[in-house]
Structures are given as C-alpha cells and as structure tokens.
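Q: fold the following for me, if possible:
(chains A and B)
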2 protein chains.
Amino acid sequence: MKKILFVLVLVVYFNLTTKSQVLNLMPWPSEIKMAQGQFNINKNLRIIVDGQPDKRFQLNLIRFIQQLSKRTTIPLDRDTIITNAEASIIIKVNRSGVVKLGENESYSLKIGKDKILLISETELGAMHGLQTLLQLLDRNNSSFFFPCLEINDKPRFAWRGLMIDACRHFIPLEVIKHNINAMAAVKMNVFHWHLSEDQGFRVESKVFPKLHLMGSNGEYYTQEEIKEVIRYANERGIRVMPEFDIPGHASAWMVGHPELASAGGTYKIEKFFGVFDPTIDPTKKETYKFFEKFFKEMAQLFPDEYMHIGGDENNGMQWDKNPKIQEFMKNNGIKSNHELQAYFNGNLLKILEKNGKRLIGWDEIFQSSLPKTIVIHSWRGRESMEEAARKGYRSVLSNGYYIDLFHNCSEHYLNDPLPAESKLTTEEKNRILGGEATMWAELVTGESVDSRIWPRTAAIAERFWSLASVNDVDDMYRRLDAINLLLEESGIEHIKNREMMMRRLCNGSNIEPLRALIDAVEPLEGYNRHGSKRYTTEYPLSRVADVALSDAPDFVRFRLSHNDYLKTKNRENYSKMMNLLDKWSSNQQAFYALASENVALKEALPLSDNLAELASITRKLMGQFNAGIKNSSAETDALRIQVEKLNKPVAEMELPLFKVTLDLIGKLRNGEKEE
Amino acid sequence: MKKILFVLVLVVYFNLTTKSQVLNLMPWPSEIKMAQGQFNINKNLRIIVDGQPDKRFQLNLIRFIQQLSKRTTIPLDRDTIITNAEASIIIKVNRSGVVKLGENESYSLKIGKDKILLISETELGAMHGLQTLLQLLDRNNSSFFFPCLEINDKPRFAWRGLMIDACRHFIPLEVIKHNINAMAAVKMNVFHWHLSEDQGFRVESKVFPKLHLMGSNGEYYTQEEIKEVIRYANERGIRVMPEFDIPGHASAWMVGHPELASAGGTYKIEKFFGVFDPTIDPTKKETYKFFEKFFKEMAQLFPDEYMHIGGDENNGMQWDKNPKIQEFMKNNGIKSNHELQAYFNGNLLKILEKNGKRLIGWDEIFQSSLPKTIVIHSWRGRESMEEAARKGYRSVLSNGYYIDLFHNCSEHYLNDPLPAESKLTTEEKNRILGGEATMWAELVTGESVDSRIWPRTAAIAERFWSLASVNDVDDMYRRLDAINLLLEESGIEHIKNREMMMRRLCNGSNIEPLRALIDAVEPLEGYNRHGSKRYTTEYPLSRVADVALSDAPDFVRFRLSHNDYLKTKNRENYSKMMNLLDKWSSNQQAFYALASENVALKEALPLSDNLAELASITRKLMGQFNAGIKNSSAETDALRIQVEKLNKPVAEMELPLFKVTLDLIGKLRNGEKEE
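A: Purely as a prediction, here's the structure:
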C-alpha cells in the first residue's frame, strides 16, 4: 500500500516538471497539482480560522499577514482576520498541536480563483501551509496573486534540525532568534543549541553560577533570554534541544569548577580550537552529585523531551594519566576509555530519566550496554548510524551536513539519510528519525554566521522534508535563489551583512570590483581554513575570505549555463558563459585599482590575477570546443601545468572555475588514450 | 576673553581647510593641528589606562578594540589592554564622570608616530576621544594608521539629543539600542524616548497594567527591557529621558483608564494620525491621585533628572464641551484652556519634584506662572525659545530638526540654535541648552526608521557639538559620506535595510535600475506624504517612496559637481555631471523592463520617464551654458512650461534636479528683464 502511494506521488511530481519550473517552493511538497488561474490579493482580503488550533496559530497568522502586507505594499491589518462573515481564505485546524517529536505536521492547501482552503490536523501543519503560501506569492503588471493549485504535504522525516554552536564564538540572542524564524520558513522543527565547549559555557546557572560567570567572558544567555528563545521557537513550532557537551570539550566548566576535572590544577577558557585534554572525572561521586543538581536545573529550564550530552572527541589523556581513575577502572572491570565513558553515560542517563528526559549524544556514546531509549546523533558517518539502527537504536544524521566546512550546497543536498540503496529493513529505517545541519563556530561570528548557515540549510531542509526523488541539483539551485530573498525577509542577515563587510573592506570605495571577484571564488573547503592560521576565538573574521560564499553565486550561474550548454549547445547559455568569463577577465584592472592601495584587500590581488588568466584560458577552450578543435597530448599537458599553477589557494580562497577548466582540457584532448 | 579664544580657534580651523580635506571627522573638533607622519597599527598594539575612570570606560575600550580589529582585520583581543608595561596608547582620565546635564565631556588627543596620548577630565571625554580615533583610522597599501595630529575638543552645547517616537509605530528594542550606539559615535548625549501617544502606550506599568496591556496591541517595552536600554545608554554616556505626552495626544491612556478623559464613553487605540480630542481631565482630584502613583513608578524606573511631559497640541475640544470643567475654570478664575493646562502642569510639577525630577515639556507648557526650573522644548520655533530665554527659562530646540519631514540635511545643518545674529545677552544665551533631532513615526517602521534618522542626524550632532563657524555645506556632505559607513558599523541598518527593501520590491530581479532611479529622487517634503493618503499605523510602508532618501545620493553628487562647475568651469566636474545626466536618461529603458511587469514598481514608471526627460533637457541646457548660448524670453517661457510638467509628484516622490534645471533656464535667459 505504501509503495503504491509512493509511485503515484512520483508520477505527479514528474508530470509537473514543466509547469513547476515557475514555482519557487522549498522544501518541495509531497504532492502538487497545478490548476488554471490565480487568486488575486487586495486590501479586502479576509481570513477565517475554524477549529481548535493552539493560540500560537493566531500569532503566526498575524505575522503571515504582516509579511504579506510588506511584500505586496497593500495595507492588510489585524482586521484581515474575521470570525463571523464571508472570508476568502478559510483555514480549518482540527486540534491543538504539541511541539514534540512525531507530532502531525501535514496540511493540504487548495487555491482557487476566489477561495483558498487550508486544512490540517494541527496548527503546526497549517503554519507550514502559510509558509507555502508566502513562497507561492507571485505578481504581474496588475496584481499580486497566488497561482491556483492543490497541495497535499507532509514531512518525510520527523526530526529536521539545525545546530548552532554558540560557544566557540558567542552568537547573540537576536541572531539565534532570526535563525529560528528562518527555520520555520523552510519547515524545520528542531533547534539544537550547543551551549558548552572548551571555549565557553553559555548558560546562566543559578545553582552553579561560577559556570557562566567564570566560563564565558561575560558572554552567556540569561535564563530569561533562554525562556524567551524557547517561547519564540515554540510559537513557530520548533523544539529547542540544549546540548551540554561532556565529558570532553569541557574546559570552560572547569574554570569555575576545577573539581570536575580528571586532573588537578587550574583551568582557563580555551582561546584556540581543536581537541583538548580537560575531561570530566567520571569516577568520583561528587561528579554525579554535581550533575544531579545541574541537570535538574536545566531540565526545568528546557522543556524539550531530549537532552543532548555531547560526548564527542574525548581524547582520554587525563583519564590515562590519573592513577585513581585507572584503579577505578581495574576495580570495576572497565577495560577501555570507551567503556568508562559508557559507564559515565549510564549514570547520566539515570539522572536525566529522573528528570523526565531522554538522552541523546554524538556517535561516541553508542555502547550496546545502554538502553534503546537513547538516540544516537551521528557525526562520523551514515554507517555508524545504520549500525545503531540495526541494533535497535534510533538516530539522527549530521554527517554530510557540516555547513561550517564551506562545501557546496549540492553535496549536502544529495546526502540522503536513507538513500535508495540502503539495506535496512522497514523497521530499521523507521529508526532513522532525520537529520541536523551543524553550524560549528570556529570561523564565524554573529556578523557572518547567517551567511554560512543560509541559504544552504534550506536545501538541507528540503532533504529532510521532501521525497527522496526530489533531487535535481540544478532545479534546487534555481529555487534556492528565490528562497534566498524570503530568508532575508525572515530576518536573516546573510545578504545584508556580507554587503556591509564588503563596504567595510572597501573603506568607502565602490565595492563592485570586490563583489565581481568574490562572487567567483570560494573559501577553502573542509578544515583547510582552520589549518592555515592559528585562529583564536578573538580573531576578527572580517577578511576577504570571510565574505566568500561556499557556492560562489556567479560561478553557480556559470555552471548552470555550462552544464546546459554541453548538453544542448544552446546559444543563450553560451553567451551567458562568455559574459561571465569576460567579466572575470576585465575585472582584474578594476580590482587592482581598488585593492592596490588598500592593505585589507591587497592579499586578494593574486587571486584576481589568477581568475582573469583562468577565465581567459577557459574562453579560448570554449571557443575550441565550439569549433570542434582538439589539442594534442603535449598541448594538453602544457595546459594542465598552466592551469594547475592558477589553482593555488590565495588568502584561504580558491577558484571553483578551475575544475571546469580542467575538465574542458580533458574533453579537448585529441583522441589518443590517456595513460 | 571668550571672544578672543573664539577668533583664535577660527584661525586654526581655516588654516587647515586644505589638509583637513582628508579627515572625515564629524562632529568637527573645536581645535585641531595637523602634524607629519602616522601611527601604524599592528597586532602588538597595547593600551594602558591611567587614573580613575568609571568602569564603563573599560567596556567602551573593549568595544573600541573590537571595532578596530574588525576594520583592520588585525587580531586585537582583550590582551591589548595592559596594566603594567610599556603601551603605545596611553589614556589618562582624571575622575569618574556622571551621565547628567553639564558633565565635563572634553578631551585632548595627541597622535605621534609611536605614541598616542588621550587625556580627559572624565571618561565621558575619553570615550568621545575613542570615537574620534575610529573616525581618523586610515589605510594605505601597507598598513592601517592614524595620522599624526593634535586635537583639543569639547562640546558647544551640553544637550545634544535624538528623540524617537516609539508610539505611532512601535520601534523594536534592538533598533532603539543600535540608534543609541550610533548616537555615541557622533558624540550625542540625550536619548529622548517618546513613549505615549494616541496610537500607543509603550511602557509596562506594574501599578497600572491596563495602560500597556490595553493601550499597546501587545507592542510595549517591559521594565526589564527599559532597564537594559538605560544601562546600555549609560554605558555609552547617554542620558535616557522618557516622555509621557499629556494632557493631549493621550487616547491610548484612556483605553484602559477612561476615567482619565475629559469626556465619558470608551476609547480605542488610534489608527490614524493627527490631533485628536481625547484629553486628560485636569480638574478631577482622581487625575492627580493617578499621576502621583504613575510618576512615582516611572521616576524610579527612569533615573534621569528630567521627565518630559509633552503638553503639545491639546485641541481643548473635550474641555470646552464638559460643563464640569467649564464650571471649575469659572470657580478658579481660569480664563483659557492654556491657563487650565498651566494649572495642570503646575500640579504635575509638584508631583515630579516630590520624586526628585525636573519638568520639561513642549512649547505649549510655557506659562510664566511656572517656576524657572522647568525646561521648554521648542518645536514651534526659535522665537518662542528666545522669548523663554529672555524670561529666564532654559530651553532645548527641536524646531528645524524634524527629521521625519524628509528635508535635505543641509537645512537642518544650517539651523543654529544660537545664530550669530541672535540678540540675546550672554546670560540669556547660556539658557539655550542645545537641541534635539526629532524622529516622529507616522511614516516609519522598525525596518525604515534608521534610514530616516541617519546619516542626517550626524550633521545635526555636529551643529550641537562643533563651533558655529563650522558650516560649509559641501564639506559636510563630503564628510557625511564617510561617516555613513561608520554609522553602519555601529549597527545602524539604514543602508542594509534599504537594500533589502529594494530586493523585496524587485522580487528577485536585478535591483540596479531601481537603485539608479531612486538615488536621483526624493520623497515629498514636509507633510505632503502624510496628506497624500490616509496612512494608518498598520500601513506597510514598503513602497518605492519608502526607499527614497531625503538627500538623493546621486543628486547630491550632481549638485556638488554643478556648484563647483558654475564657479570654476572645471572639466572633471562637467563630465561627472554629464555622466549622471546620461545615467538618468539611459535608465528609463532598463527601469521599464524591470517595472512594467511588476505591480509593486509600476507606480514609479512616470517618475522614471520624467527623470529621463528632465535629464535630457538639462544636458542640452548645460551644453548651451558651456557655449554661452542664451534663450529668448519666449523660449525661456516654453522651457519653463515644459519642465514644470515634469515636476509633478509621482507616487509621493519628486525630482530634486528640477530646481537646478529651472535655475539654469533662468540663467540662460536672454538679457531682457524678467517681468
């Protein structure tokens, strides 16, 4: 039965590819049928709500109206919502929803020329429906409108999360809030707040105030602020799950509480990044007395069912060196540090359960001695997640969604928590709850974090919500472009702050030559940037590389045209490519004029030179490709050496064009066989 | 003695006109001497603080270091501040300052090649010195640096304020805070918070919770938030003065407390703008019992010495119609509504004095029966302020600083609270405390308010701080351009949000044709926009006119070139002008392509057409001017008729170029006398 439904839905999806080109929905709904005509919006728009939604729905509806009004410039005020007369938007919600794992979030939306009908079991579904409506808003020369269509929609995975590390750099409250608002815009439902690290303890504890007072340099969230974030997220249908990372990554705890450590001495807040020795002592009774009190306080502060205890990257150095710990292990038959950590987790689990919480932690907590109620959060790989599923544990995937590593959006997008080739049984598959994008904060500040999270996380949100069959990369990039502007309206400052940072770098000069360069380059991927300098928590992160995006926007355009041109030899795409190549060549001089007397920009000069040269080579190669002229093996080798030189990282950035050029060189090689 | 000093300082200022061209200081310091060389900034920069500053100085110094680090991309962390070794920046502060009217805010700054010395009586002066340093930051191809120089600086007026009306539209807390931060960047020291109006009561009252709960649609500041704003402002040396506007402009009070009104019935929060009837009943004992409790609560919440009671635009309608009030007036020998309001104010004054507060109010409160301790806040004109000064009252000027009315910056800049021609005696002059820019909020939301306040308020800040002789409009506009970017770094979203609003209007299309148009047009000045539509508090204010600036940036550039060209016939300025005229002509087609299918932009099409035609006429006239060709009286008349047609307001905007063109037509008229 389930399989048949799946096939039907697929048919619907594929049938619509042509028409759906004009829709900018993300995540793509599970079922959509286009119809003729449009529903026009004017100031007489009236909305009626029927049924028993939670009161959060009214607040979401008011925000929907305000956003609609801003975008349409049409005055639509609170009187738009009526209770006792004829309305053109009718919303029916069967019952009040609860913001917890597995709640019904489905909705159906039918847009006719005169009436819109939005129906859902809980208001959480109707709230998703309102976001779909905002994404559908279109305009022509005489009005704003919604296109007529029918949508039936529900999530593929119940756990669709974003983790923000607020420790390595403190992330201001307002930034947290507008990220939660953006999550709601793309139907995500778990905000995972990474709150303790070597670099900072970020929560006010009234029971142990030395934790935040000594462990945070004054940068922490008060309990009032945390309550406000939880209220704000709950209003948007989003769970807030805190993470207190123990026993490793725990230096900041020990600044105020050195007695928690597995070695004597004093501790300081870590400035550098990596894996450090300070580790909680899991053998002392006092440790658990401390956590009894601590988690009791935090369990009351954070109402979510789940408490994340981290557990990753414990290097075991302090345990190995401490004779008392070694003795404890011997006396208790504990054979490895991994087993000792499992012992620690078992004790924590009891504490959490006493406080009505379920335990979740990173891969490292996985030990079959722990009960099946725990959830494994997989950062190391899909394999370990599947292994857990086979052994009866539920899990959440973050491997492949490390958005701090500057990978292209497509890599995350194509990373399916449950790929078609998965060998898991249906029962095991059901244990894969979903996934989380993870924003680790070594290389971001409150100023730049949005541009690292968005828009890529919208594509990840689609992976968690939409059918596995929705996986056309080019179409995703096309829609992402439109969603990007909606994300901005939700408060995200990814576009705004990047422009500001460019203005600051250019110091009053016209920023366009910098933009032309930076829109064609990408920051070094993976851990290359971390490794290139000894970054610290107080590094300003205001350099050129900090405004480069993981998907260089002009290069994305180039690639889309290029891909299509190789297939179709379409002339329009050819000239789009040529225009971009010309832009990159001719920008060299303008960027030199801008940067040569500005010490902040000077480091990017070689990159601008390389881009110009690479663009000019690529232009020549494209001409050859077009004319069908091939290169000899020697010419090919010479070309490869020439372009390899242009592929050196400059100021922690690189040129994505390089791969296209290299590929072209290969394609243009004379028929002789490569060795 | 004072006069001699004044002349000396002037000499210093004028001597530096050439050199000072490169400095982007605003407000301009009272004394500045340039020297040779520069102080380079690198990661070894160390700062030492000597003396007894208040602890707020440390926080300001950390923010200074962080901003310096962001701008220079040089890692400068908390360890930059040292206490016991050789430092290159030495700061000496004699004593802890108090954030109140008349506190010493002077400082001196000496920048040598290896040492910077910043000396002040209180940390408030040193904080101004840090802002001066940030404005002096410069760069070349090898380093960031401060130019060597010597500055002695102090304010001309002690009261340098910005008022924000948070009632007609609610202004979010974060927006209030970054505005306060920007005020500090231009050495302002009074934040005047307009907190009650017909359209909203914006403060949580624990004594009378119906005030905010029923009077605000849920949009108000909690007492915790207010305390946070006061702490934030105090840290930046800025007073927070609240205004509770009574007896008129008081509808919102009466929603929860109809017993305060001078007429029976129920009241609602006003949606429209203007002057409304609801007025406090000044004759009932219960009124004063209410205010006794209310002002006791607010006096404790707001620590500033001054409490603003508004008092403007009481239309007296409810008083005239209420027989009991009429009888009360008769029985007490009160002959006019103005006298009745003075009676009311007298009673309020007693309440405020009991709570340790001084009373300040708008012009209308002025009645010589009130003691000389009150301060008159003049919105109606300099004359009424001077009259008050002659009668012994102190006053603050806002007439001429109504930044909500879309006037050019130069108009506010040249409006001196104490112009050279003033006939006041020295003693009377000393009663003029300063002034305040006033941001009334009929036509702004949290999204757009920054672009209405800034950068113009920086020029007003200079008027209040700098010598009267600093009044070169062209130089002000030149410096304002640089200060604009620093304002952005202080958190102001005037540039960012305008770009976002343009992106929203263009719905994903390239915004450049809109920018080219909008950078050449201005919103209708004065009360013309208010009058053009029945705006309400819930109008979205997201139209094209809402992104037009009071000083159209391209037109400012045009005018600067034009002014200079008329004087010097400089060819470079001629081509700058021609380039802009060409840009305006050629943009017509691009804007048509962008706007003709977008209902949100369509209303601006005639404006784009008019601009193109006006630019093309102006281009022709400039050619004539250049060639010395005159027009006959008939040709002149025909031209005037032609351009007058292009001067019609379109979608609440107009073309500042029109005046230049009209002026040119006059200049090119044949020698015949005008009738």
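
Q: how many residues are close by the residue nearest to A:Asp416 when sequence neighbours are not counted?
A: Take A:Asp416 and drop its neighbours on the chain: the residue closest to it by C-beta to C-beta, 6 or more residues apart in numbering or on different chains is A:Ala468, 5.7 Å away. For every residue, glycine as well, the C-beta is placed using N, CA and C. By other C-beta atoms under 10 Å in any protein chain shown, 14 other residues sit near A:Ala468.

Q: contacting residues around A:Ala468?
A: Residues in contact with A:Ala468 (C-beta atoms under 8 Å, 6 or more residues apart in numbering or on different chains) are A:156, A:416, A:418-420.

Q: can you tell me which of those residues is nearest chain B?
A: Among those, A:Arg156 lies closest to chain B (C-beta to the nearest C-beta), at 27.6 Å.

Q: what is the neighbour count of the closest one?
A: Using other C-beta under 10 Å, the number of residues around A:Arg156 comes to 19.

Q: same question, the one 3 residues further on
A: A:Trp159: 28 surrounding residues under other C-beta under 10 Å.

Q: that one and A:Ile432 touch, don't they?
A: No - the criterion here is C-beta atoms under 8 Å, and A:Trp159 misses it with A:Ile432 at 9.0 Å.

Q: which residue packs closest to the residue of the stretch 151-300 of chain A found nearest chain B, ignoring adjacent ones?
A: Residue of the stretch 151-300 of chain A nearest chain B, by C-beta to the nearest C-beta: A:Glu174 (5.7 Å). For A:Glu174, ignoring the flanking residues on the chain, the nearest one in space by C-beta to C-beta, 6+ apart is B:Glu174 at 5.7 Å.

Q: what residues does the helix or strand hosting the residue of the stretch 151-300 of chain A closest to chain B touch?
A: A:Glu174 is part of helix A:173-185 when elements are defined by DSSP states H and E. Contacts with helix A:173-185, where a contact means C-beta under 8 Å, 6+ apart, come from A:127, A:131, A:134, A:162, A:164, A:166, A:189, A:191, A:193, A:221, A:225, A:228-229, A:232-233, A:236-238, A:446, A:449-450, A:453-454, A:457, A:461, A:486-487, A:490-493, B:174.

Q: filter these down to just the ones in strands.
A: Mapping those onto strands (DSSP state E) picks out A:162, A:164, A:191, A:193.

Q: quick one on the thing from earlier: starting at the chain centroid, how far to the helix holding A:Glu174?
A: How far helix A:173-185 lies from its chain's middle: 12 Å, per C-alpha atoms, centre = their mean, to the nearest Å.

Q: so which bits of it are buried?
A: Within helix A:173-185, the residues scored as buried using 16 or more other C-beta atoms under 10 Å in any protein chain shown are A:173, A:175-185.

Q: and the angle for it with helix B:173-185?
A: If you take axes from the mean of the first three to the mean of the last three C-alpha atoms, to 10 degrees, helix A:173-185 sits at 140 degrees to helix B:173-185.

Q: for helix A:173-185, list the C-alpha coordinates in CSV.
A: Taking Å, rounded to 0.1, in the frame of the first residue of the first chain, the C-alpha atoms of helix A:173-185 are listed here in CSV:
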residue,chain,number,x,y,z
LEU,A,173,20.4,36.3,21.1
GLU,A,174,18.9,38.2,18.2
VAL,A,175,20.8,36.1,15.7
ILE,A,176,19.6,32.9,17.4
LYS,A,177,16.0,34.2,17.1
HIS,A,178,16.1,35.2,13.4
ASN,A,179,17.6,31.8,12.6
ILE,A,180,14.7,30.1,14.3
ASN,A,181,12.4,32.3,12.3
ALA,A,182,14.1,31.2,9.1
MET,A,183,14.0,27.6,10.1
ALA,A,184,10.2,28.0,10.3
ALA,A,185,10.2,29.4,6.8
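
Q: I appreciate the help and will end here.
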